[in-house]
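# following is a predicted model, sequence given first.
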Amino acid sequence: MNVRLSDTGFTLFILQRLSGALLALLLFTHLVTIIFAVQGGLSVAEIVDRVRGNLFWISFYGVFALTAVVHAMIGLRKILVEWTPVNPRVVDVIVLLYVIGALWLGYEAIEAIW
């Protein structure tokens, strides 16, 4: 069977795969860092104090949050288009609203530790 993706579909397909790969790397780094910090005796409050104001970690978690939003929202769009009778244009608006909300929450979380 010959499957053809539209330009938008192909772009989203590639973007989700790339964001998934980056997300796996970021998640691994996050988990390893947290495990070492906790095993080293640090509490959550001490970890947050060490991250606060550190440009590297703020950037790391900013990229982490952005990557998670991109990956999740592409998946949400795909599910809604395939599993519901909703017009794809309406789905795009719904997903855009979710993107705005998720980015806002990510910004608030990062700002709280800045």
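Perfect, I can see it now.
# from here on, contacts and neighbour counts on C-alpha atoms
Fine.
# please point out which parts of the strand or helix carrying residue 109 sit buried.
According to DSSP states H and E, residue 109 maps onto helix 88-113. Buried residues in helix 88-113, defined by neighbour count with 16 or more other C-alpha atoms under 10 Å: 91, 92, 95, 99, 102, 103, 106, 110.
# which other helices and strands does that helix contact?
When contacts are defined as 3 or more C-alpha pairs under 8 Å, 6 or more residues apart in numbering; DSSP states H and E, helix 88-113 packs onto helix 55-83.
# between the helix it packs on and helix 88-113, how big is the angle?
Interaxial angle, helix 55-83 versus helix 88-113 (axes from the mean of the first three to the mean of the last three C-alpha atoms, to 10 degrees): 160 degrees.
# mind listing what's buried along helix 55-83?
Buried residues in helix 55-83, counted by 16+ other C-alpha under 10 Å: 57-58, 61-62, 64-78, 80-81.
# any regions of this protein where pLDDT drops low?
Applying pLDDT under 70 to the chain picks out residues 1-6.
# show me which helix runs longest in it.
helix 7-39 (DSSP state H).
# show me how far it is from its chain's centre.
Taking C-alpha atoms, centre = their mean, to the nearest Å, one finds helix 7-39 lying 8 Å from the centre of the chain it belongs to.
# and if you look at stretch 46-58?
The gap between the average C-alpha position of stretch 46-58 and the chain average comes to 19 Å, counting by C-alpha atoms, centre = their mean.
# and the contacts of it?
Stretch 46-58 is contacted from outside by 37, 110, 113, 114, using C-alpha atoms under 8 Å, 6 or more residues apart in numbering.
# the residue nearest to the first one when sequence neighbours are not counted: neighbouring residues, count only.
Pointing back at residue 37 there. Nearest in space to residue 37, with sequence neighbours left out and distances taken as C-alpha to C-alpha, 6 or more residues apart in numbering, is residue 47 at 7.4 Å. Residues lying near residue 47 (other C-alpha atoms under 10 Å) number 13.
# how close does the most centrally placed residue in the chain sit to residue 90?
For the chain, the residue sitting closest to the mean C-alpha position, by C-alpha atoms, centre = their mean, is residue 68 at 0.9 Å. For residue 68, the distance to residue 90 (C-alpha to C-alpha, to the nearest Å) stands at 22 Å.
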